[in-house]
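Asks: just to be clear, the model below is a prediction. Sequence and coordinates:
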Amino acid sequence: MLRDTVRSLAEAKIAPFAAEVDEQARFPQEALDALVGSDLHAVHVPEEYGGAGADALATVIVIEEVARVCASSSLIPAVNKLGSLPVILSGSEDLKKKYLGPLAKGDAMFSYCLSEPDAGSDAAGMKTKAVRDGDHYVLNGVKRWITNAGVSEYYTVMAVTDPEQRSKGISAFVVEKSDEGVSFGAPEKKLGIKGSPTREVYLDNVRIPADRMIGAEGTGFATAMKTLDHTRITIAAQALGIAQGALDYAKGYVKERKQFGKAIADFQGIQFMLADMAMKLEAARQLTYSAAAKSERVEADLTFFGAAAKCFASDVAMEVTTDAVQLLGGYGYTRDYPVERMMRDAKITQIYEGTNQVQRIVMARNLP
């Protein structure tokens, strides 16, 4: 029922704008309005804070179905979870009440600030600092590749509070867009997901109350990594959706397209391509849903499964979308058809929330 609901909404209110959002590289406001209107923008927020209280699998299905028609729009529910999960996992009760309520209502979005110009895969090498000053912390630094920056009201920011301790000297904070000293760089010009703004976040003597720290001092990096164990599964979900959208479109096209006097769907070479695409996609889906179940139960092997789902599903999405372009031939290479957009959008799923090379390191260190 959930899948049918989200699919109907996505096809009616999000899909019609997907090409234009990509072409104009503009934020998909129509998608945000539709998702907020149906309470699907941040389904993961627990009921006690005004949210829908959806479990990890339900959240995956929402993201998957939105991504099937527009990958940029699927970053609304995905990044709302990524940005707010540190608060849910480690935040004080006051922090949860203050920030999860507006998120659940649709009054605010939440972004996640971990990466920096010189700290990508080596996130522990960050330089953004937070210095204690009485009842406040003063933050200075630059965060890069921040999804929905400038649109989100709230930002979970990782910053160094004790430079001697490396990863154990990093703390997490909630920063608000309206805090004095917060500003944003120009939107990045990207290959795909063009409707989701990606910008630098500048913190210039941003003074925030000490009670905006998420968890205890020095626990920020552990919270950041724990968050990714759960949210990598949302990237797998996004990859599934993109791949499903491409497969669905290619399937319809090959039945219509005639060459040599018959539909190209009747040629065995084409049938084998479609069979492989569907088989790999279904394998990725089963792995992702299994990882989501482990996320819900916080099982001991979650770290392995989260990394495996993200890595496998994103590799499959890249392969399936590339094959979809091939199946459409010359038409697949033009912007008149959606599969080239899906191929461009799929690429990022192999990169963000940890490159697939990093996922393989994570898997190797956490073999079940």
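Replies: Yes, it's here. Please read these numbers as outputs of a predicted model, since none were measured by experiment. Residues are numbered from 1 along each chain as shown.

Asks: and the residue lying closest to Ile63 once chain neighbours are set aside, what does it touch?
Replies: Excluding its sequence neighbours, the residue lying closest to Ile63 (CB to CB, 6 or more residues apart in numbering) is Ala237, at 4.2 Å. Backbone N, C-alpha and C define where each C-beta goes, glycine included. Going by CB atoms under 8 Å, 6 or more residues apart in numbering, Ala237 touches Thr59, Val60, Ile61, Ile63, Glu64, Ala67, Ser74, Ala78, Thr288, Ala292, Ala313.

Asks: any chance of a markdown table for those, columns neighbour count and pLDDT?
Replies: Shown next, in a markdown table, are the contacts of Ala237 (neighbours: other CB atoms under 10 Å; pLDDT from 0 to 100):
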| residue | neighbour count | pLDDT |
| --- | --- | --- |
| Thr59 | 27 | 98 |
| Val60 | 28 | 98 |
| Ile61 | 22 | 98 |
| Ile63 | 30 | 98 |
| Glu64 | 29 | 98 |
| Ala67 | 33 | 98 |
| Ser74 | 31 | 98 |
| Ala78 | 28 | 98 |
| Thr288 | 29 | 98 |
| Ala292 | 25 | 98 |
| Ala313 | 32 | 99 |
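
Asks: just the element for Asn140, please.
Replies: Here Asn140 sits within strand 136-147, counting by DSSP states H and E.

Asks: remind me what that strand packs against, helices and strands.
Replies: Contacting strand 136-147 under the criterion 3 or more CB pairs under 8 Å, 6 or more residues apart in numbering; DSSP states H and E are the following elements: helix 71-90, strand 110-113, strand 129-133, strand 154-160, strand 170-176, strand 198-209.

Asks: in a markdown table: these, plus distance to Val339.
Replies: Formatted as a markdown table, the helices and strands packed on strand 136-147 follow (distance: least, CB to CB, whole Å):
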| stretch | distance to Val339 |
| --- | --- |
| helix 71-90 | 12 |
| strand 110-113 | 29 |
| strand 129-133 | 45 |
| strand 154-160 | 34 |
| strand 170-176 | 39 |
| strand 198-209 | 23 |
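
Asks: how many neighbours does Gly185 have?
Replies: Applying other CB atoms under 10 Å, we find 16 residues neighbouring Gly185.

Asks: which of the contacts of Ala237 fall in helices?
Replies: If you go by DSSP state H, those have Thr59, Val60, Ile61, Ile63, Glu64, Ala67, Ser74, Ala78, Thr288, Ala292, Ala313 in helices.

Asks: go through the helices and strands packed on strand 136-147 and name the closest to Arg360.
Replies: Set against Arg360 and scored by CB to CB, those come closest in helix 71-90, at 21.2 Å.

Asks: what's the following helix or strand after the closest one?
Replies: Going down the chain from helix 71-90, the next helix or strand is helix 93-105, by DSSP H and E.

Asks: contacts for that following helix next, please.
Replies: Residues contacting helix 93-105 (CB under 8 Å, 6+ apart): 42, 45-46, 49-52, 80, 84, 87-88, 91, 108-110, 153-154, 174, 211-212, 214.

Asks: which ChimeraX command selects the buried ones in those?
Replies: The ChimeraX command for the buried members of those (criterion: 16 or more other CB atoms under 10 Å) is given here:
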select :42,45,49,50,51,52,80,84,87,88,91,108,109,110,154,174,212,214
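
Asks: in the helix or strand containing Phe272, which residues are buried?
Replies: Element membership for Phe272 (DSSP H and E) is helix 268-297. Judged by neighbour count (16+ other CB under 10 Å), helix 268-297 contains these buried residues: 270, 273-274, 277, 280-281, 284-285, 287-289, 291-296.

Asks: sorry, back to before: from Arg144, how far off is the residue nearest to Ile63?
Replies: Noted for Ala237: a distance of 24 Å to Arg144, by CB to CB, to the nearest Å.

Asks: do Tyr155 as well
Replies: 13 Å.

Asks: now swap in Glu30 and tell me
Replies: Separation of Glu30 from Arg144 (CB to CB) stands at 28 Å.

Asks: on that earlier part again, Tyr155 and Arg144: which is more packed in?
Replies: Set Tyr155 next to Arg144 and count neighbours by other CB under 10 Å: Tyr155 wins out with 24 against 19.

Asks: ok, the more buried one - contacts?
Replies: Neighbouring residues of Tyr155 by CB under 8 Å, 6+ apart: 83, 110-113, 146, 149, 174-177, 182, 201.

Asks: for the residue nearest the centre of the chain, which non-adjacent residue is spatially closest?
Replies: The centroid of the chain falls nearest to Ala78 when counting by CA atoms, centre = their mean (4.3 Å). Sequence neighbours aside, Thr234 is the residue nearest to Ala78 in space, at 4.4 Å (criterion: CB to CB, 6+ apart).

Asks: strand 170-176 and the helix or strand encompassing the one you found, what's the angle between them?
Replies: Taking DSSP H and E as the definition, Thr234 sits inside helix 220-256. Calculated by axes from the mean of the first three to the mean of the last three CA atoms, to 10 degrees, helix 220-256 forms an angle of 70 degrees with strand 170-176.

Asks: contacts for the helix or strand that helix 220-256 is followed by, please.
Replies: Going down the chain from helix 220-256, the next helix or strand is strand 258-259, by DSSP H and E. For strand 258-259, contacts defined as CB under 8 Å, 6+ apart pick out Ile264.

Asks: tell me the strands beside strand 258-259, with direction?
Replies: strand 262-263 (antiparallel) (DSSP bridges).
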